[in-house]
Structures are given as C-alpha cells and as structure tokens.
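*Asks:* What follows is a predicted protein model with its sequence.
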Amino acid sequence: MTVDTVVFDIGGVLVDWQPHLAWVDDLDDAGARAFLGRVGFDKINFACDGGATFGQAAGLIKDPQDAAWLAQYVARYTRTVPDKLTETWDILYALRDRGVALHAITNWSAETWPEGLKVHPELDQVFGTTVVSGQLGILKPSTEIYRTLCQRAQVRPDQCVFVDDGLHNCLGAQAAGMDAIHFTGAASLRTELATRGLL
C-alpha cells in the first residue's frame, strides 16, 4: 500500500525540550543540570511518560530539597518547552497543504502534556489523532502504542511513515508495520519525505 500518512514524534522533532530550564532561575545552568543528574531525572521522566506522577517520584527522593525541587516540575513545565523547531513545522504545514494525513505519537507525561499545550496550542490542532504515552500507560517503542494510533486514526500501519529522533522508536514503528524515518534534521527529513512522494 502507498504511504499517505505521516506520524510525528513531538519532542526533539517539533518542539525543543530542555528540562533544566525548570530550575535554571534558582540553580543557574550548571546547578540545574547537576540536579537532573543527581536525581536521575531521565529515568524519572521515562516512568512519568509511562503513567507515574512527578509527585510520586518526589516522594521517593531522600534529600528534602531535591524532592521539593522535583515536586515543582509540573508547575514550571512551560519553561522547558519555549521553542518550536520551526523548519520541521514548515515541513508539517507543507504536508498538510498537500492533503497528507498527519498524526502524532509522543512519549509525554499526562501531567505535563496540558502544560505543553499552553505554550504550543498548535499541537492540539494540527493532528488528526494524537497518542500521548502517559495517558495511555504505554511507551514507545512498544509496538502496542503504534497499533493504538492506527486503531484510533483508522489507518493501516503500512500506510504510515513515522518520524522520530530516537532510532529505537523508529525500530518499534517498523516492528509494528510502519515505515520510519530517523529524524536528524529538517533538511534530511524533507529529502526522505520527497523520495516517498509526500513532498
């Protein structure tokens, strides 16, 4: 079947996410980054993308000041996603103008997703179907999350090309039957989409 649907990841593809910015005003850049490393933020965030809460995570941190900093993350989340990756948005709008169906799958916390939409409300407008891992309780690269998108959007996996900056997530999409493009920049994405006749 001809690929006629593009499924986007969001963080790192359409929106720049810099979690240290939640605390940089208090701890400065180096201090905020040190805090992230000290509490193991990457693993905490992954768990929260899967359905846990940052309050639960803060409750497991022994240092009271670090726990207090982490507990403020959701309230400060809008600081962490200030910028769009505008060249990718240009591609998205070009696809839309050509009538290409657009959907999204994102590993994103159910708590912080509404905060992200406050900064980038377009994310709630440009996609026919958006699957948010924290709402579903299933993370990329599990094949189930790609299949859920297809069920909700009423498309077949072999109609879709998935775009993600994580190679592991692209492999998950391929395992679910989708085509995939590993996102390394807007120029190469445009080329890859053009070779598929989508641009």
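*Replies:* Arrived safely, thanks for sending.
*Asks:* so where do the helices sit in this protein?
*Replies:* Counting by DSSP state H, one finds helices in the chain at the ranges 24-39, 41-49, 54-59, 64-71, 86-97, 113-119, 133-136, 143-153, 167-175, 186-195.
*Asks:* Format those as JSON lines; extra columns: mean neighbour count.
*Replies:* In this view, the C-beta of every residue, glycine as well, is placed from N, C-alpha and C. Shown next, in JSON lines, are the helices of the chain (neighbours: other C-beta atoms under 10 Å):
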{"stretch": "helix 24-39", "mean neighbour count": "15"}
{"stretch": "helix 41-49", "mean neighbour count": "18"}
{"stretch": "helix 54-59", "mean neighbour count": "16"}
{"stretch": "helix 64-71", "mean neighbour count": "15"}
{"stretch": "helix 86-97", "mean neighbour count": "15"}
{"stretch": "helix 113-119", "mean neighbour count": "17"}
{"stretch": "helix 133-136", "mean neighbour count": "19"}
{"stretch": "helix 143-153", "mean neighbour count": "19"}
{"stretch": "helix 167-175", "mean neighbour count": "18"}
{"stretch": "helix 186-195", "mean neighbour count": "15"}
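*Asks:* how about those helices, which one is nearest T80?
*Replies:* helix 113-119 (8.6 Å; C-beta to C-beta).
*Asks:* rewinding a little: among the helices of the chain, which comes closest to D16?
*Replies:* Across those, closest to D16 is helix 86-97 (C-beta to C-beta), at 10.1 Å.
*Asks:* still on that earlier bit, relative to V13, which of the helices of the chain is closest?
*Replies:* From these, taking C-beta to C-beta, the stretch that ends up closest is helix 86-97, at 5.8 Å.
*Asks:* quick one on the thing from earlier: tell me which of the helices of the chain approaches H103 most closely.
*Replies:* That would be, of the helices of the chain and by C-beta to C-beta, helix 143-153, which comes in at 5.1 Å.
*Asks:* packing partners for the closest one?
*Replies:* strand 5-8, strand 101-106, strand 130-132, helix 133-136, strand 160-164, helix 167-175 (3 or more C-beta pairs under 8 Å, 6 or more residues apart in numbering; DSSP states H and E).
*Asks:* Can you convert those into JSON lines and add a column each for distance to A30 and mean pLDDT?
*Replies:* What follows is the helices and strands packed on helix 143-153, written out as JSON lines (distance: least, C-beta to C-beta, whole Å; pLDDT from 0 to 100):
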{"stretch": "strand 5-8", "distance to A30": "33", "mean pLDDT": "98"}
{"stretch": "strand 101-106", "distance to A30": "29", "mean pLDDT": "98"}
{"stretch": "strand 130-132", "distance to A30": "32", "mean pLDDT": "98"}
{"stretch": "helix 133-136", "distance to A30": "29", "mean pLDDT": "98"}
{"stretch": "strand 160-164", "distance to A30": "30", "mean pLDDT": "98"}
{"stretch": "helix 167-175", "distance to A30": "29", "mean pLDDT": "98"}
